[in-house]
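J.: Fold the following for me, if possible:
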Amino acid sequence: MPAVFLALFFAYPVAAITARGLYDGGRWRPERIAAVLTDPDILGVVWFTLWQAAASTALTLLLALPGAYVLARLDFPGRRVLRAAVTVPFVLPTVVVGSAFLALLGRGGLLDQWWGVRLDGGVTAILLAHVFFNYAVVVRIVGGLWAQLDPRQEEAARVLGASRWAAWRTVTLPALVPSVAAAALMVFLFTFTSFGVVQILGGPGYATLEVEIYRQTAQLLDLPTAAVLTLLQFASVAALMAFHSRTLRRRRTALGMVDAARTARRPRGAGQRVLLAGVLVQIAVLLLAPLAVLAERSLSGPGGYGLHHYRALGSADAAGGTFTVAPLEAVGNSLAYAATATAVALAVGLPAAVALTLRGPGGRAGRLLRGLDALLMLPLGTSAVTVGFGFLIALDAPPLDLRSSWILVPLAQALVGIPFVVRTLLPVLRAVDTRLREAAAMLGASPPRAWREVDLPLVRRALLVAAGFAFAVSLGEFGATVFIARADAPTLPVAVARLLGRAGEASYGQAMALSTILMLLCAATLLALEGVRTDRSGEL
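T.: Prediction:
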């Protein structure tokens, strides 16, 4: 089923729009590929895309791994709220993230007003915004598995004479490598396809492949160049996935996992207290300050602070003709779409993750599984502009005539949620000791019952977190949704982008108000998820 879904709603639409760009005058034009790939300007875009993604990934891991440890292993007041808060930035549309950092770091921003420092129009602001956006990926994926690792294994190494550092390096670090690699892969793909952040903060001097594809498609109407750049993204992501899969294939191992509630302890010693304080300061500066700017700008108006921007959201006329319905209706639309997209993402992602944990298939079966693994990640490395246009072109005729159907938006959102479901579940599923399943089989349990009795209790919490991630990314998906959402049923990100595209302080204030509502919805959802407890599940 996962392969069929991705073939119909990803491979087919993307192939249709790409073929349209490379097929002209009744024949294929492969010479366009060489012409684009030898263009010095395009090569500059490719180089900037690669190195900024690598730098963003390294910086995110450097800053977020201490946070993953603190939130996984240290117990302190407000821990659940903080875990929810650090995930909020991830749900925000990239255009909103860019606008928040522009208000913080750009001309007239807080740093400019207070100290005369401006960081917009350069790489520094882009890298900081990428850390802001992807911090939660590392905390959730790595911290989730870290919280479930049995600390007695490291303690046993200490008893045998190993130092604290040696015990961590030889016991805990190898167990964390698959989840760190998975988080790094997700961060790299998100920064590799960065659009709104680079476009707003980088200015005309910087462009990623995603920005260039949008420019070639929407502004220059040059589909051949956009098609070649899309193929280049495919090739880059496929190569990265092949490397990732080959590297981790030999590292599969069963881990000792326990209830995460038993691993978190109060900070002990000066070192842990200093680390906790440092992480709290880091989160306040990198994550909470931009969110506070959003809230402040949503309340600020010509007559001072108030709720006038929020009240204006209830009327379509207040938006100056931008909408056919009140912008506030976008809240209900987004919640309905995101819930449907989450259900689809789980229905596709769970069986895919289970299939990818199968051990032993070689030959053709093994190659098919590795191909499925790469296919599942391709939506994250493909231009959302390409996917959106592909939906409009390919899904407008029987038997897939969905262009006027409401289901088109959740399908596009689910494509982004599926990789998060798979990558969140895989480290835990692979860590389940196969001997437990074998013991259940020896006692007469059928394979479905063995999975239900052995695997499900261990991965239940991971499944809930996967659902939370899918819901969050569906709420914030913008690149494809902006092309397929109907004018009378906009989502929150689309509504925000439309308001940001209009001149005037009123439209900007309403955009910030909608962004704040989106931020609060995400925080409430994630906080509710943090409150979910199951009897034997982990803390993923």
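J.: alpha carbons only for contacts and neighbour counts from here, please
T.: Noted.
J.: quick one, strands of this protein?
T.: Using DSSP state E, the strands of the chain run over residues 23-24, 27-28, 300-301, 304-305, 396-397, 400-401.
J.: I'd like the ones you listed laid out as CSV, including mean neighbour count.
T.: Converted to CSV, the strands of the chain look like this (neighbours: other C-alpha atoms under 10 Å):
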stretch, mean neighbour count
strand 23-24, 12
strand 27-28, 10
strand 300-301, 18
strand 304-305, 11
strand 396-397, 12
strand 400-401, 12
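J.: Can you lay out the ones you listed as JSON lines showing distance to Ala330?
T.: Output for these, formatted as JSON lines (distance: least, C-alpha to C-alpha, whole Å):
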{"stretch": "strand 23-24", "distance to Ala330": "38"}
{"stretch": "strand 27-28", "distance to Ala330": "42"}
{"stretch": "strand 300-301", "distance to Ala330": "22"}
{"stretch": "strand 304-305", "distance to Ala330": "24"}
{"stretch": "strand 396-397", "distance to Ala330": "25"}
{"stretch": "strand 400-401", "distance to Ala330": "25"}
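J.: Can you add mean pLDDT and distance to Gln148 and give these back as JSON lines?
T.: Putting the strands of the chain into JSON lines (pLDDT from 0 to 100; distance: least, C-alpha to C-alpha, whole Å) gives the following:
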{"stretch": "strand 23-24", "mean pLDDT": "71", "distance to Gln148": "52"}
{"stretch": "strand 27-28", "mean pLDDT": "70", "distance to Gln148": "53"}
{"stretch": "strand 300-301", "mean pLDDT": "80", "distance to Gln148": "44"}
{"stretch": "strand 304-305", "mean pLDDT": "84", "distance to Gln148": "45"}
{"stretch": "strand 396-397", "mean pLDDT": "77", "distance to Gln148": "47"}
{"stretch": "strand 400-401", "mean pLDDT": "77", "distance to Gln148": "44"}
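J.: Among the ones you listed, which comes closest to Pro351?
T.: strand 400-401 (23.9 Å; C-alpha to C-alpha).
J.: circling back to that earlier point, how about the strands of the chain, which one is nearest Leu464?
T.: Across the strands of the chain, closest to Leu464 is strand 400-401 (C-alpha to C-alpha), at 31.3 Å.
J.: Please list the residues outside the closest one that contact it.
T.: Leu395 (C-alpha atoms under 8 Å, 6 or more residues apart in numbering).
J.: So in that sheet, which strands flank that strand, and in what orientation?
T.: strand 396-397 (antiparallel) (DSSP bridges).
J.: quick one, what contacts Arg29?
T.: Per C-alpha under 8 Å, 6+ apart, neighbours of Arg29: Leu22, Tyr23.
J.: and Pro161, how many neighbours does it have?
T.: No, residue 161 isn't Pro; it's Gly. By the criterion of other C-alpha atoms under 10 Å, Gly161 has 10 neighbours.
J.: what's the offset of the lengthiest helix in the chain from the middle of its chain?
T.: Determined from DSSP state H, the single longest helix within the chain is helix 40-73. Relative to its chain's centre, helix 40-73 lies at 13 Å (C-alpha atoms, centre = their mean, to the nearest Å).
J.: Val421 against Phe471, yeah?
T.: No. Contact criterion C-alpha atoms under 8 Å: Val421 and Phe471 do not qualify, at 10.3 Å.
J.: re the thing from before, next, the buried residues of the longest helix of the chain.
T.: 42, 45-46, 48-50, 52-54, 56-61, 63-73 (16 or more other C-alpha atoms under 10 Å).
J.: now stretch 71-91
T.: Buried residues in stretch 71-91 (16+ other C-alpha under 10 Å): 71-75, 80-91.
J.: hmm, who's touching that stretch?
T.: 97, 132-137, 139, 143-144, 146-147, 260, 263-267, 283, 287-288, 291, 472-476, 519, 522-523, 526-527, 530-531, 539.
J.: picking that back up, right, and the strands of the chain - which one's nearest Gln233?
T.: Gln233 lies closest to strand 23-24 among these, at 19.1 Å (C-alpha to C-alpha).
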